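S.K.: pasting the sequence and the predicted coordinates here, then a few questions.
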Amino acid sequence: MSKIWLIAQKDFVYTLKDKSVLVWLFIMPLVFFAFIGSTTQGFSSGSGNKSTLAIWYEGDAEDSVFKQIKYRLEAEDYNLRLFSPEQLLYKEKWSFEDYDRQLWIPVELQQQVVDGEQVEIKYLIESDGMGGDYHQFKINKAIYQTLGDLLILKKTEAADWKKLDFTSVNEMPRMIELDISKAGKQETIPNGYEQAVPGILVMFIMMIALTSGALALFQERKTGVLRRLSAAPITRRELIFGKWLGKWLLTICQLIYGMIMGALLFKIHWGEHWLMIFILLMSWSAACAGFSIFMGSVAKNEGQIGGIPVIVSMLLAALGGCWWPIEVAPEWMQQLAMFLPTGWVMDALHELMYFGGTIADVFFHQLALYSLALLALVLAFTKFNHEVK
């Protein structure tokens, strides 16, 4: 066992001497956390989130119709930011153009409504991800509710409706009540950093093993280091276990660093089952370490290691739900993810971190990852090669 540990230590330290490995181990994960996390905000957005809506209005702030539209928009959980020529900046910081949801409301609304003229309200939405249709529906709803309020006002106060006093309408009890109760457990799909940090960490554990770990082994084959080690007083089993343990240490380093930085910089809460999450990712790391030995043993040139593992890692990450929550993908893609190891890991992480799952709920995920790690170790033993032929 001491020989295995010595080989693992030396292999781990040797790999870390490569500056490019240090960049991909400590810097690039943070870059990907930030980039993917910021670009996937809103992928699972729906109800329950209070959004900001910028309104450009040059008319009288006491206009009755304008006030009723504001009332209906606020009822839809919008934070309203009002802009006019007299107020070019909001709190001297933001301009109207800085908002990706903008509403233009024409002046003299009240007079146009009284005169029976058509009123045109413009809405512009930009870069709102997958929630764009939802916001468009909510704003249309607020406008049509205002029209409905006007019809009620004409019916209940036929003589004085032109005063457009909506107070009585807003206080009027609703004839239809909606009884809302829970039908089951609500699962809030993670997005932004909650999705990106665990997902990108899973991808980088795989990538660092299949590229840097495999490349280090290939270079040892190419330079004859492994051939000389085979002549040393160590068995083939000790050599392979030592190399595998060295690659595992590399992925564990990536794992611990990613979890710590995710919590400190991106406020990721790993949940009450954080220890089980760590064990699950450890088994994933062990599998990736075994496949790195396999890749480093069968590769015939550095180009294969630089190309094939990167393509495989990116493909498995995308299809397995590392880049975006697989729950928002089409059903066929969700089913496909359950046939991929990255899909097993991400499904287990979501279950433990966000869907209120227990350790029992991820038993089969863990069993599958243990089996994958065992398979990778078997391949490492059967395909291990000392030389480049």
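M.R.: On my side now, so go ahead. Numbers count the residues shown, from 1 in each chain.

S.K.: can you count the residues close to Ser297?
M.R.: Neighbourhood size, Ser297 [other CB atoms under 10 Å]: 23. For glycine as for every other residue, the C-beta is placed from the backbone atoms N, C-alpha and C.

S.K.: what helix or strand is it on?
M.R.: helix 274-298 (DSSP states H and E).

S.K.: now do the buried residues in the helix or strand containing Val31.
M.R.: Following DSSP H and E, one finds Val31 within helix 28-39. Across helix 28-39, burial judged by 16 or more other CB atoms under 10 Å covers 29-30, 32-34, 36-37.

S.K.: please apply the same query to stretch 354-363.
M.R.: Counting neighbours by 16+ other CB under 10 Å, stretch 354-363 gives 354-355, 357, 362 as buried.

S.K.: between those, which is nearest Arg227?
M.R.: Using CB to CB, Val362 comes nearest to Arg227 of these, at 42.9 Å.

S.K.: the closest one and Gln111, how far apart?
M.R.: 64 Å (CB to CB, to the nearest Å).

S.K.: got the contact list for Ala159?
M.R.: By CB atoms under 8 Å, 6 or more residues apart in numbering, the contact set of Ala159 is empty.

S.K.: what's it sitting at in phi/psi?
M.R.: phi -80, psi -40 (degrees, to the nearest 10).

S.K.: helix, strand or coil for Gly271?
M.R.: For Gly271, the assignment made with DSSP: H, G, I helix; E, B strand; the rest coil gives coil.

S.K.: distance of it relative to Leu124?
M.R.: Relative to Leu124, and taking CB to CB, Gly271 is found at 39 Å.

S.K.: counting neighbours, go ahead and name the busier of those two.
M.R.: Just comparing Gly271 and Leu124: by other CB under 10 Å the higher neighbour count belongs to Gly271, 15 against 12.

S.K.: and the pLDDT at the more buried one?
M.R.: The confidence metric pLDDT takes the value 84 at Gly271.

S.K.: cool, and the one 10 residues further on?
M.R.: According to the predicted model, the pLDDT of Leu281 comes to 95.

S.K.: which SSE is the closest residue to it other than its chain neighbours in?
M.R.: In this structure, Leu281 finds its nearest non-sequential neighbour in Leu255, 5.3 Å apart by CB to CB, 6 or more residues apart in numbering. In this structure, Leu255 sits in helix 236-265 according to DSSP H and E.

S.K.: that helix vs helix 274-298, what angle?
M.R.: Angle of helix 236-265 versus helix 274-298, following axes from the mean of the first three to the mean of the last three CA atoms, to 10 degrees, is 130 degrees.

S.K.: how about helix 236-265: buried residues?
M.R.: Result for helix 236-265 [16+ other CB under 10 Å]: buried residues 238-255, 257-259, 261-262.

S.K.: mean confidence score for that helix?
M.R.: Here the average pLDDT along helix 236-265 is 91.

S.K.: show me what it is packed against.
M.R.: Contact analysis of helix 236-265 by 3 or more CB pairs under 8 Å, 6 or more residues apart in numbering; DSSP states H and E lists helix 2-16, helix 28-39, helix 193-208, helix 225-230, helix 274-298, helix 363-383 as its packing neighbours.

S.K.: any idea which helix or strand in the chain has the lowest mean pLDDT?
M.R.: helix 225-230 (a mean of 75; mean pLDDT, DSSP states H and E).

S.K.: distance from the chain centre to it, please.
M.R.: 44 Å (CA atoms, centre = their mean, to the nearest Å).

S.K.: which other helices and strands does that helix contact?
M.R.: Using 3+ CB pairs under 8 Å, 6+ apart, helix 225-230 sits against helix 214-223, helix 236-265.

S.K.: contacts for the shortest one?
M.R.: The list of residues contacting helix 214-223 from outside it, by CB under 8 Å, 6+ apart, reads 11, 14-15, 18, 225-227, 243, 247, 292-293, 295-297, 299, 302, 305-306, 309, 385-388.
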